[in-house]
Structures are given as structure tokens and as C-alpha cells.
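*Asks:* okay, sequence plus prediction incoming.
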Amino acid sequence: MLLEIIATTVDDAVTAEKYGADRLELITAITEGGLTPGIGLVSQVVKSVSIPVHVMVRPHSRSFVYSKSDVETMVSEIEAIRQTGAAGIVLGALTPDGKIDEQTLEQLLSSSGDMQVTFHRAFDELEDQLEGLRTLAKYPAVTRVLTSGGPNPAPQSIPQIRRLVEQTAASQLRILAGSGLKRETIMDFIEQTGVTEIHFGSGVRHDQSGLQPIDSAELKALSGCIHEYGQ
């Protein structure tokens, strides 16, 4: 089992690693679902931890439909992120009719080098997620999909997440389940879905608030559950 934790500061990153995170998703603007963090923050976080750092590449929160200038911005960000030594990037793009924007995806992947690529929760706006998986499976650089199984929180989408896990079993894709997960019910969720990677943000923060620091005791307890299960 692999535990990914959202970090928004260097202190978050260091705390997350110390108390059991296996990987970080580094973002800013957590209340907007996450945007691209400043390159100075990316550089400092990569220097401060030894676990993989995956960096959000999302220029604004208006939609997942991007203009030519948006895509140029994202390419520039990816090139800068790659220079920091970050292990991966987190991105996604949709067409106006709600499908994966393959043209934009190909442009972004052309700059990703050997970084891992996660397709983020733009995936949850697709009408046909199984079709979306078939599309993403064509791109070897895309190694996982962050999803709650649709528009609802992950615990309300268990049958769909199980379907997605089954659909990706023979591909390079892994399902990274996130949104609305709680430590108290995470073991049941894992058992019912078959996921091998989970993603926590506000669920391991004080007051369950994205704007609060990581709660080290809560993260330690969560990590203990998950890693014991994975042995």
C-alpha cells in the first residue's frame, strides 16, 4: 500500500515524510482543488525530503479546458519542474465536450522527460471513465489516475472505483483513490475497492481543514494502518 499526502509548504512536506507518507503531491491553492506551486517552493521541497515529490501542473481553476496560452504556460512549468529533480507531475486536460484532450496531453507529455505523470481529478468530470482509462492507457508516461470514481467523494463511489481498479490491472495505470477518505474507514475502503494507492489532503490536517497544518498524530496513525495492511 502506498500513501500519498498533499503538501502546500516545506513544513508540510517534512512533516508528511517524517510521519509516514510515501509520496507527496505538492500544490498551492488547496481550497481551489490545487494549482501549480511556485518554482521556488518546488525546489525547496525537493531538496528537503527524500520521498518522491509529484507537482501539480494546473494554471487556473476555471475549468480543465485549456487555451493555447494555458498550454504554453503548462509546458513552461513542466520544464522548470523537471529541472528541480521532482519525481513526477500531476495534470489533466479535457475537451469542451468533456473528453480527455489528447492533443493537449501529448504536448504536455512531450516536455515531461522521465518524470512520472498522474492524470488528476479532471478524470472525475468524464461521462465515461472506462473510455477515459482506455485513452490514458495509450500513453506509457501516464502511470496513475487520481480519482474519486466520479463527482462524489470516494467512499460513495466504491463500486466504480473497484471497476476502475479491475480495468487497469493489465495496464501501466494505477488507480490512486482520493477525496473524502477517513482513517476510521480506510481499511474497509481498501478491502472493497482493491486500490493499492491512496491520497489524503484535508483528512490528515487539523480540524479536517485544508488551510491547517498536517496533524502529525493523525498521519502517523493512518500510515500505521495502511503500511501494516500492505505487509
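*Replies:* That came through fine. Residues are numbered from 1 along each chain as shown.
*Asks:* now Gly33: how far from Ser61?
*Replies:* 6 Å (CB to CB, to the nearest Å). For glycine as for every other residue, the C-beta is placed from the backbone atoms N, C-alpha and C.
*Asks:* who has more neighbours, these two?
*Replies:* Shown here are Gly33 and Ser61; by other CB atoms under 10 Å, Gly33 has more neighbours (16 against 12).
*Asks:* residue contacts, that one?
*Replies:* Applying CB atoms under 8 Å, 6 or more residues apart in numbering to Gly33 gives the contacts 58, 61, 121.
*Asks:* so of those, which ones are in strands?
*Replies:* Taking DSSP state E, every one of the contacts of Gly33 sits outside strands.
*Asks:* got the phi and psi for Ser148?
*Replies:* phi -110, psi 10 (degrees, to the nearest 10).
*Asks:* that one is in contact with Leu176, isn't it?
*Replies:* No: in this structure, Ser148 is not within contact of Leu176 by CB atoms under 8 Å, at 10.3 Å.
*Asks:* of the two, which one has the most company?
*Replies:* More crowded of Ser148 and Leu176, by other CB under 10 Å: Leu176, with 25 against 22.
*Asks:* return the residues in contact with the more buried one.
*Replies:* By CB under 8 Å, 6+ apart, the neighbours of Leu176 are 4, 118, 144-147, 195, 197-199.
*Asks:* what lines up beside the host helix or strand of it in the sheet?
*Replies:* Using DSSP states H and E, Leu176 maps to strand 174-178. Strand pairing for strand 174-178, using DSSP bridges, gives strand 142-147 (parallel), strand 197-200 (parallel).
*Asks:* who's in contact with stretch 190-201?
*Replies:* In this structure, residues lying in contact with stretch 190-201 by CB under 8 Å, 6+ apart are 1-6, 25, 30, 144, 146, 158, 161-162, 165-166, 174-179, 181, 186, 189, 210, 219, 222, 226, 229.
*Asks:* with stretch 211-222 instead?
*Replies:* Applying CB under 8 Å, 6+ apart, the contact partners of stretch 211-222 are 3, 5, 7, 11-12, 15-16, 18-21, 30-31, 183, 186, 200, 203-206.
*Asks:* restricted to buried residues, select those residues in ChimeraX.
*Replies:* To isolate the buried members of the contacts of stretch 211-222 in ChimeraX, using 16 or more other CB atoms under 10 Å:
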select :3,5,7,12,15,16,19,20,21,30,183,186,200,203,204,205
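*Asks:* return the subset of the contacts of stretch 211-222 lying in helices.
*Replies:* Among the contacts of stretch 211-222, the residues falling in helices (DSSP state H) are 11-12, 15-16, 18, 186.
*Asks:* nearest to Leu41 among the residues you listed?
*Replies:* Closest to Leu41 out of the ones in helices among the contacts of stretch 211-222 is Asp12 (10.3 Å), distances taken as CB to CB.
*Asks:* and the residue nearest the centre of the chain?
*Replies:* The residue lying closest to the centre of the chain (CA atoms, centre = their mean) is Leu146, at 4.9 Å.
*Asks:* that residue and Val90 touch, don't they?
*Replies:* Yes: between Leu146 and Val90 there is a contact under CB under 8 Å: 6.9 Å.
*Asks:* overlap in contacts, those two.
*Replies:* 25, 118, 120.
*Asks:* the last one: neighbour count?
*Replies:* What that stands for is His120. Around His120 there are 28 residues (other CB under 10 Å).
*Asks:* not counting its neighbours along the chain, what's nearest it?
*Replies:* Spatial nearest neighbour of His120, chain neighbours left out: Gly92 (4.5 Å); criterion: CB to CB, 6 or more residues apart in numbering.
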